[in-house]
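A.B. asks: Provide a 3D model corresponding to the input given below.
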Amino acid sequence: MNQTANLKPRKLPIMKKTVLIIIALLASLSMSAQEETAISATVDVTYASKYVFRGVQLADETLMPSVEIGYGNFAAGAWSAQPITSNIDNEIDFYAGFSMPIDDTWGVDIGATIYYYPELDTAGGTVDDYTFEPYIGIGGEVNGISTGVTAYYDTTLETLTLEGSLGYSVPLEGTGSSLDFGASYGHVDPNGGSGYNFYNLGISIPFAISDTATITVSIDYANSDLPGPDTDFIFGTIGMSIGF
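C.D. replies: Residues are numbered from 1 along each chain as shown. Alright, predicted model coming up:
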């Protein structure tokens, strides 16, 4: 049932506005320093057999459309999770971020995401229909292995998440494609609650079907140390992205 009639508008607190202003200022500096850089856009639609986020399954089969605009080192976009087979509310995420290179292989990323749940019933005033999560991370490459560490803090839920990741790509000669391996490990630490650890292992293969379009197939395994019988998940995704 659609609950949008019960939603009440909320203003972003000062801290949230400050983070967004900082990102906007960094983006304006990037644009002024790269006046000849073209604006890019990417549209993506992905099907996932399960929607798993930080070791927790949020839905079964899910469609995940997204759009992203990039300019220089700045990117902003919207991503959505639309469950197909379960009575789960839709999710829409709005994000913006800025990358700052340290050298030829390392860089720092700063940004923020608004997780918005348009169908969530907030009439009682006990929950918000969105959460706000700024982040900062550092990433680079060592001997062909991409690596990164990112800290997220959800100011609405008062939850800190630390996550590290590794990636390695093996070219598939004669195909123009590659076999991409990824692994991540993280810890979620809510204020006043019990934290947990999670990890994810994945393999994906991107297939370029034109100069601007790519189809990517992947399979992932996710797990966590949360209590309960259902803490490990195997799921697959297939998606198509088109760049402009």
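A.B. asks: C-alpha from now on. contacts and neighbour counts both.
C.D. replies: OK.
A.B. asks: residue ranges for the strands of the chain, please.
C.D. replies: For the chain, the strands defined by DSSP state E occupy 39-48, 51-53, 56-59, 62-71, 74-83, 91-101, 107-116, 130-142, 145-154, 159-172, 177-190, 196-208, 213-224, 232-243.
A.B. asks: including mean pLDDT and mean neighbour count, could those go into CSV?
C.D. replies: Formatted as CSV, these follow (pLDDT from 0 to 100; neighbours: other Cα atoms under 10 Å):
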stretch, mean pLDDT, mean neighbour count
strand 39-48, 97, 17
strand 51-53, 97, 19
strand 56-59, 94, 18
strand 62-71, 97, 19
strand 74-83, 97, 20
strand 91-101, 96, 19
strand 107-116, 97, 20
strand 130-142, 97, 18
strand 145-154, 98, 18
strand 159-172, 97, 17
strand 177-190, 98, 18
strand 196-208, 97, 19
strand 213-224, 98, 18
strand 232-243, 97, 18
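A.B. asks: give me the number of neighbouring residues for residue 193.
C.D. replies: 8 (other Cα atoms under 10 Å).
A.B. asks: now do the contacts for it.
C.D. replies: If you count contacts by Cα atoms under 8 Å, 6 or more residues apart in numbering, residue 193 has none.
A.B. asks: any figure for the gap between it and residue 160?
C.D. replies: Residue 193 sits 11 Å away from residue 160 when distances are taken as Cα to Cα, to the nearest Å.
A.B. asks: again with residue 198
C.D. replies: Relative to residue 160, residue 198 is positioned 14 Å away (criterion: Cα to Cα).
A.B. asks: just give the closest residue to residue 222, not the sequence neighbours.
C.D. replies: Leaving aside its sequence neighbours, residue 222 sits nearest to residue 200 (Cα to Cα, 6 or more residues apart in numbering; 4.4 Å).
A.B. asks: which ones are touching the one you found?
C.D. replies: Residue 200 neighbours (Cα under 8 Å, 6+ apart): 55, 182, 183, 184, 185, 220, 221, 222, 223.
A.B. asks: alright, calling it a day.
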